[in-house]
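1. Sequence and predicted structure below; questions after.
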Amino acid sequence: MSRFKSWLIAGMILIAAGAITLIMVLLRPDPVQTEPPPQRPFARTATITVGTGPVPVYGAGTVRPTAEINIAPQVGGRVDSVAAEFKSGSQVTLGQPLFWIEPDDYAYRVEEAEAGLAARRVALLEEQQRAAIARSRYEQYAEGRNDAAVSPLTLRQPQLEAAIAAVRRDSARLAGARLALSRTLVTAPFNGIVRHEQVDAGQIVMAGQPVGQLFASDAAEVVVPLSDTEAALIPNLWATDRIPGALATVTLQHGANHYTRDGYVDRAEAFLDVQTRTVDVIVRVPRPFSAGAPPLLVGEFVEVTIEGLAAEPFYTLPRAALHPDHEVWVVQDGTVHIVRVEVLQRADDRVFVTGPLADGDTVITGGIQYAVEGMLVLTETGLAQ
């Protein structure tokens, strides 16, 4: 095939393609005219609820005993025996024996003091007799005479007073000896639990030497640090009377389960922590080792809910709905309204506020970073419509 024929065929192909393209353009349908979609950001929302009654005050703290002491004997000596209950972790009751110190030395001192007191009483009787004889003789001698006042020595008054004082002194010695003998038995000063002990039979102990620790089991305390705003929600926190304060619920975790114990606000510390600027509120829990729930262990970290003041109405909303400067973005018919509120209390995922809100209001919880008054947004409700 010659070159001329090749160019002729290519040209005819191009002319045919152009004709077909022109026909397709002329025959195409007109495009459908549609409105552009609105340029509204999508916002995630939630519904707020109205609350009534006391505002809950949430906190957490560490369990500590109401009382904790060192166990130490008041007299020294050799330990005769130790009670089986005086072991770490055991519960003891008021007056229950813990251990005994050999009493022989102290019993001998009691006998010696008794003998000394008996001798002093005999001496007192003798001196009383001598004084009576001296007075009788003086009265016979001085009958009908106008001599000056008689000397006390003549009537043996100083000797009698000395004999009386000697009896009192030996009586005190006997009482002290008997008290020391009674102290050879060391007992529990209150209902409690033995934290630890370090005493065995045959051990020599000295007076005042700690041999164990005991903490009270009738009640426990939870130290809950709160801000001054949170503390202000607790009724009668600074009352001077000792009646039980606001009710509280203590929640502890035991394994995979959670348990609660009832308590009450006992008092608050009279100073702020210089580091955290919080005040320690003391929640008292009676019978922390009673049956029905795991015990409140000393040193355990627990959560606490306190019944605060009644603020009506107040509203509960997700914490994500609260924005800086205490702003809440309320959505009505796709329009944003910025509402300022007063925060009463923050929880893990909720916040309690007061302000110009209404039960069932829709608030923005996410999806947009900022908002202005009157801004239009899309929500789940708007998309459904």
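-> Arrived safely.
2. ranges for the helices of the protein?
-> Under the criterion DSSP state H, the chain contains helices at 3-27, 104-141, 157-182, 228-231, 380-384.
3. what comes up buried for the longest strand belonging to the chain?
-> Ranked by residue count, the top strand of the chain under DSSP state E comes out as strand 257-272. Buried positions in strand 257-272, judged by neighbour count with 16 or more other C-beta atoms under 10 Å: Y259, R261, G263, Y264, V265, D266, R267, A268. In this view, the C-beta of every residue, glycine as well, is placed from N, C-alpha and C.
4. Run a quick neighbour tally on A131.
-> Each residue near A131 was counted by other C-beta atoms under 10 Å, and the total is 17.
5. One more: the one 3 residues further on?
-> Residue neighbour count, defined by other C-beta under 10 Å, stands at 18 for A134.
6. wait, isn't it in contact with R156?
-> Yes. A134 lies in contact with R156 (C-beta atoms under 8 Å); the separation is 4.8 Å.
7. who's in contact with the residue nearest to Y259 when sequence neighbours are not counted?
-> On the basis of C-beta to C-beta, 6 or more residues apart in numbering, the spatially nearest residue to Y259 that is not a chain neighbour turns out to be A293, at 4.3 Å. Under the criterion of C-beta atoms under 8 Å, 6 or more residues apart in numbering, the contact list for A293 reads L252, Y259, T260, R261.
8. One more: G263?
-> When contacts are counted by C-beta under 8 Å, 6+ apart, G263 touches V222, L247, A248, T249, V250, V283, R284, V285, P286.
9. now the last one: how far from N191?
-> In this view, P286 and N191 are 12 Å apart by C-beta to C-beta, to the nearest Å.
10. Over to the first one?
-> When C-beta to C-beta is applied, the distance between V222 and N191 equals 19 Å.
11. Which one's more surrounded, these two?
-> Set side by side, V222 and N191 show more neighbours around V222, with 28 against 17, by other C-beta under 10 Å.
12. my guess is that one meets I306, correct?
-> No. Between V222 and I306 there is no contact under C-beta under 8 Å: 10.4 Å.
13. list the residues that contact both of those two?
-> Shared contacts of V222 and I306, counting by C-beta under 8 Å, 6+ apart, come down to V283.
14. rewinding a little: just checking: what are the partner strands of the longest strand of the chain?
-> On the basis of DSSP bridges, the sheet neighbours of strand 257-272 come out as strand 247-254 (antiparallel), strand 279-286 (antiparallel).
15. Go through the last one and flag the buried ones.
-> The reference is to strand 279-286. Within strand 279-286, judged by 16+ other C-beta under 10 Å, the buried ones are V279, D280, V281, I282, V283, R284, V285.
16. One more: the first one?
-> The neighbour-count check on strand 247-254 (16+ other C-beta under 10 Å) flags A248, T249, V250, L252 as buried.
17. so how far is A201 from the second one?
-> Put plainly, it is T249. Using C-beta to C-beta, T249 is found at 46 Å from A201.
18. So in terms of bridging, what pairs with the most centrally placed residue in the chain?
-> With the centre of the chain defined as its mean C-alpha position, the nearest residue by C-alpha atoms, centre = their mean is V222, 1.3 Å away. Using DSSP bridges, the beta-bridge partners of V222 come out as V63, V283.
19. quick revisit: distance to R169 added to the contacts of A293, as TSV?
-> Rendered in TSV, the data for these read as follows (distance: C-beta to C-beta, whole Å):
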residue	distance to R169
L252	58
Y259	61
T260	61
R261	55
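20. Any idea how many residues pack against V343?
-> The burial metric for V343, expressed as a neighbour count using other C-beta under 10 Å, is 13.
21. Next one: it, what pLDDT does it get?
-> In this model, V343 is scored at 87, pLDDT.
22. I figured it hits A321, correct?
-> No. Using C-beta under 8 Å, V343 is not in contact with A321, being 11.6 Å away.
23. low-scoring pLDDT stretches of the stretch 51-200 of the chain, where are they?
-> Along the stretch 51-200 of the chain, the parts satisfying pLDDT under 70 run over 143-148.
24. on that earlier part again, got TSV for the contacts of A293, with distance to Y141 and pLDDT too?
-> Supplementary listing: those in TSV, determined by distance: C-beta to C-beta, whole Å; pLDDT from 0 to 100:
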residue	distance to Y141	pLDDT
L252	90	91
Y259	92	90
T260	91	91
R261	86	92
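25. Of these, just say which sits nearest to L297.
-> L297 has its nearest neighbour among the contacts of A293 in L252, at 8.4 Å by C-beta to C-beta.
26. I'd like the distance from the closest one to A165, if you could.
-> Distance of L252 to A165, given as C-beta to C-beta: 63 Å.
27. Give me the contact list for stretch 276-284.
-> When contacts are taken as C-beta under 8 Å, 6+ apart, the neighbours of stretch 276-284 outside the stretch itself are 59, 61, 66, 219-228, 231, 234, 237, 244, 248, 250, 263-269, 271-273, 304, 306.
28. oh, I was asking about stretch 317-325
-> By C-beta under 8 Å, 6+ apart, the surrounding residues in contact with stretch 317-325 are 46, 48-49, 328-329, 340-341, 343, 346-351, 353, 363-366.
29. again, only this time at 6 Å
-> Outside of stretch 317-325, the residues within contact range by C-beta atoms under 6 Å, 6 or more residues apart in numbering are A46, I48, V328, D349, V351, V363, T365, G366.
30. ditto for stretch 196-216
-> If you take C-beta under 6 Å, 6+ apart as the criterion, stretch 196-216 is touched by 65-76, 78-79, 81-82, 86, 88, 99, 190, 192-195.
31. Same check on stretch 100-113?
-> In this structure, residues lying in contact with stretch 100-113 by C-beta under 6 Å, 6+ apart are G77, R78, D80, S81, R173, L174, A177, R178, A180, L181, T184, L185.
32. Buried only: go through these for me.
-> For these, burial is judged from neighbour counts taken by 16+ other C-beta under 10 Å, and it is met by G77, R173, L174, A177, R178, A180, L181, T184.
33. Could you dump those into CSV with distance to Y141 added?
-> Rendered in CSV, the data for the buried ones among the contacts of stretch 100-113 read as follows (distance: C-beta to C-beta, whole Å):
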residue, distance to Y141
G77, 58
R173, 40
L174, 40
A177, 45
R178, 46
A180, 50
L181, 51
T184, 57
